[in-house]
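Visitor: sequence first, predicted coordinates after that:
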Amino acid sequence: MHPSKALILLGLFGLPFTVLQATPIVTMQLLNSPGEPDIYDFMVDGSPMQLLCDDALHSIVTTPYQATEQTLSNLSGTLLARSGDTNALLDYEHIAMLDLMALADPTDTALIGNVEEAIWSITQDRQSRDPDAASLLSEVDSENPANFNLSGFVIFATPDSQEQTGFIGFVSPGVSPAASPEPSSWLLAAGGISLLLLGRIRFGFRSRAWHAFRRNVSCGAATST
């Protein structure tokens, strides 16, 4: 049947003209070694990306695997959607803001540890045992997500392994990009990153022995399947 005739029939029967768009399925490959909270280097459908895990309950997979690529406009199948989180959109916006803070300085391992702990708190019970991470949660709670450019935020969801989050266009240092990122996306995000970094300075984050323990029990467990 010709597509135009199909649309006419749908209209006659009062059915909505809804165009269904399939959620993209991508192939993920971890490039660096797991073992502690970190910004992980991934190849996503052949393109390098830096990602953070938001799931401390599943093991990271070291062999290629498939995941769905979700955005803030479509959270179906994500960790928080599967858990029935009624505030999933706001929670993922907060995770995106935390990702921006970590990606702004990927060499600051103490900050990354705090960011990861704050993110895990969001995806679990929102109760952080670490005061620095709790301060981060308070900081993003006090900010309006509309003040940040979160348009490039993506969630790579899978029920079988760790969920990863990050931003399209952010390329890991030392990894040759398959395509040049759009500079405008990061220029637009710069204002939001500056606000979060000001919060980081205000809180005066420091490395804690507790994080060394946490690194060994969360996000570092690896499986090969």
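Guide: Nice, I can see it.

Visitor: with adjacent residues omitted, what lies nearest to Glu117?
Guide: Spatially, and ignoring its direct neighbours in sequence, Glu117 is nearest to Ala133 (3.7 Å; CB to CB, 6 or more residues apart in numbering). Where you see a C-beta, it was placed from the backbone N, CA and C, and this is true even at glycine.

Visitor: got it, and Gln70?
Guide: Spatial nearest neighbour of Gln70, excluding adjacent residues (CB to CB, 6+ apart): Ile155 at 4.3 Å.

Visitor: the one you found contacts Asn74, correct?
Guide: No. Counting by CB atoms under 8 Å, Ile155 sits too far from Asn74 to count as a contact (9.3 Å).

Visitor: what about those two, which has more around it?
Guide: More neighbours surround Ile155 than the other of Ile155 and Asn74, with 26 against 14 (other CB atoms under 10 Å).

Visitor: doesn't that one fall inside a strand?
Guide: Yes. Read with DSSP: H, G, I helix; E, B strand; the rest coil, Ile155 is one of the residues of a strand.

Visitor: so how far is Thr71 from it?
Guide: From Ile155 across to Thr71, the span is 7 Å (CB to CB, to the nearest Å).

Visitor: kindly report the same for Thr86.
Guide: 19 Å.

Visitor: of those two, which one has the most company?
Guide: Ranked by neighbour count (other CB under 10 Å), Thr86 and Thr71 place Thr71 first, with 17 against 8.

Visitor: any idea of the pLDDT on the closest residue to that one other than its chain neighbours?
Guide: With sequence-adjacent residues excluded and distances taken as CB to CB, 6+ apart, Thr71 is closest to Val154, at 6.0 Å. pLDDT, Val154: 98.

Visitor: start the count at 21, not 1, going forward
Guide: Okay, residue one is now 21; in that scheme the one you just asked about reads as Val174.

Visitor: pretty sure Val174 is touching Glu183, no?
Guide: No. Assessed by CB under 8 Å, Val174 is found out of contact with Glu183, at 10.9 Å.

Visitor: which one's more surrounded, those two?
Guide: The neighbour comparison of Val174 against Glu183 (other CB under 10 Å) goes to Glu183, with 25 against 21.

Visitor: quick one, strands of the protein?
Guide: Along the chain, counting by DSSP state E, strands occupy 45-50, 60-64, 67-73, 80-81, 85-90, 173-177, 184-187, 242-243.

Visitor: now render the ones you listed as CSV, adding distance to Ala124.
Guide: As requested, these are arranged in CSV below (distance: least, CB to CB, whole Å):
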stretch, distance to Ala124
strand 45-50, 22
strand 60-64, 17
strand 67-73, 11
strand 80-81, 23
strand 85-90, 23
strand 173-177, 14
strand 184-187, 11
strand 242-243, 27
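
Visitor: can you say which of the ones you listed is nearest to Leu100?
Guide: Across the strands of the chain, Leu100 has its closest neighbour in strand 173-177 (9.1 Å, CB to CB).

Visitor: partner strands of that closest one and their direction?
Guide: Next to strand 173-177 in the sheet, as set by DSSP bridges, lie strand 85-90 (antiparallel), strand 184-187 (antiparallel).

Visitor: which one of those is the most hemmed in?
Guide: strand 184-187 (a mean of 24; mean count of other CB atoms under 10 Å).

Visitor: who touches it?
Guide: Strand 184-187 is contacted from outside by 48, 60, 62, 69-74, 87, 112, 115-116, 119-120, 123, 139, 172-176, 205, 209, using CB atoms under 8 Å, 6 or more residues apart in numbering.
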